Every structure is written in C-alpha cells, then in structure tokens.
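Asker: sequence first, then the predicted structure, then my questions.
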Amino acid sequence: MVNLGDIFPNFDAETTEGNFKFHEFIGNSWAILFSHPADYTPVCTTELARVVQLVPEFQKRGVKLCALSCDDVESHHGWIKDIVAYGKFDKFPYPIISDKTRKLAVSLGMVDPDEKDLAGMPLTARAVFIIGPDKKLKLSILYPATTGRNFDEILRVIDSLQLTAKHKVATPVDWKVGGKCMVVPSVKVEDEKTIFPKGVETISVPSGKSYLRMTEQPE
Ligand code: BEZ
C-alpha cells in the first residue's frame, strides 16, 4: 500500500500508448492514475468518456491522466472505439494500462473483493491516485465498482492540492476556486500579517481559541 506523502511506485506499464515507466510518464507534471473494474462495462464507459470531455480542464492544471484495469491492451483498444462512439469524440486522448497479472491492483490496494469477472477473478475497484511532480502521493480515494465517480470533484480537489502546495492555507468544506481559505494551524498569529497581507479574519468561538482563521485565496 502507498500512503500519502510516499513516493508512488515507479512501475513498468503496458498501455494502449506503448510501454513506459510510470515516473517517466509523469515527468514534471501532476498525474492521476485511476482504475476501473473492467472494459465493456456501462459505468466505466460513462466515466472514461467524462474524463475525455474534461481533458482540457486537466491540461490547464498541468495534470496527466492514465487509466488502468486488468484487461489486456487489445481489449482496451476495442473498448476505446465504443467510448469514442458513445462520447462522439474524434480520438481517445490518454493511455489505459493493462494490469493483466493484477500485480498493480494488489500492490496498490485496488482490488474489490465483491466484484469478480466471469472466471471468478476479482476486479479492480474505482481507485483514484493523484501524484505530484515530486512523485509523491497527494490523495487517494477508493469507490466500489457499483458507484461511478464525479470527476468535477477530482478537478476541485486538484485545485485545492495545487493551491495548498504553494500557500499556508487549507480549503474548507465545498470550497471552489476563488473562495475564502482557512489559515493552517501551524501559522503563528504574529506571522499572519506578513504571510497574508490581504488580512485574516478570526471567527470567535465559545472556546476562546483562535483557530478559525479565514483569508482571501492567495494568488
Ligand atoms: C460498470 O462499470 O457498470 C460495473 C462494473 C463492474 C461492476 C458493476 C458495474
């Protein structure tokens, strides 16, 4: 298993766009590795098509995309034709890894024990790993096969990860780009003015503690 802050494994990937080492694929970008249970399944088709629609949004944020399932590359190529037709796209713009041996699925904790293929082999769940340019894991989420993901939420998370990597803020519930941010607890009161020249509003609470500090989103 990989924990937040760990260097993500630099595995050899067999993909629809050729073979590569995962770190070489990432380069100096951010990256998302996301798994799906199986090719030629309905929810997965809607998910991978939605990601195709959102490619310009991921590109704006400097994020590379890579999908994964335990099907072979030939199956991926066949299914891509269905996704392209379903979404009325011209082309399919990101690689899909073939994890035929399930080595990655097992080592990265992506296996869903409740979902099996016709041969009784367990399928991958819907995992999302967001990896930074430093190759460290910044976020992981795991959905069961029966629940499709919301990739607008993944974009929101990337906005938060990229902002909080640069500034001493955290993003509150339902935050969106441009919204107020919270000052992280490690910032001392005496340093607030220097770090946040636009000001800090401290919300008073019955405990008398000054931990609810809000500030404009830093640029
Ligand atoms: C689907 O993508 O529709 C799906 C795949 C595996 C189990 C359940 C649903």
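Answerer: The structure has been received and is ready for your questions.
Asker: which element is the residue positioned nearest the centre of the chain on?
Answerer: Residue closest to the average C-alpha location in the chain (Cα atoms, centre = their mean): I130, at 3.8 Å. For I130, the host element (DSSP states H and E) is strand 126-131.
Asker: pull the helix or strand with minimum mean pLDDT from the chain.
Answerer: strand 111-116 (a mean of 86; mean pLDDT, DSSP states H and E).
Asker: who in this protein is up against the ligand?
Answerer: 37-38, 41-44, 115, 145-146 (Cβ under 6 Å from any ligand atom). Where you see a C-beta, it was placed from the backbone N, CA and C, and this is true even at glycine.
Asker: chain center to the least confident helix or strand of the chain, what's the gap?
Answerer: 21 Å (Cα atoms, centre = their mean, to the nearest Å).
Asker: list the buried residues of that strand.
Answerer: 111-112, 115 (16 or more other Cβ atoms under 10 Å).
Asker: got the contact list for it?
Answerer: 37, 102, 105, 122-125, 144-146 (Cβ atoms under 8 Å, 6 or more residues apart in numbering).
Asker: direction included, what does it pair against?
Answerer: strand 122-124 (antiparallel) (DSSP bridges).
Asker: mean confidence score for the partner strand?
Answerer: Confidence over strand 122-124, taken as the mean pLDDT, stands at 89.
Asker: just checking, L65 touches Y94?
Answerer: Yes. Between L65 and Y94 there is a contact at 4.1 Å, judged by Cβ atoms under 8 Å.
Asker: any common contacting residues for the two?
Answerer: 51, 55.
Asker: related to what we said a few turns ago, now the two most distant members of the residues of the chain next to the ligand.
Answerer: The span of those, defined through Cβ to Cβ, is set by P42 and E115 at 13.6 Å.
Asker: with that, I have no additional questions.
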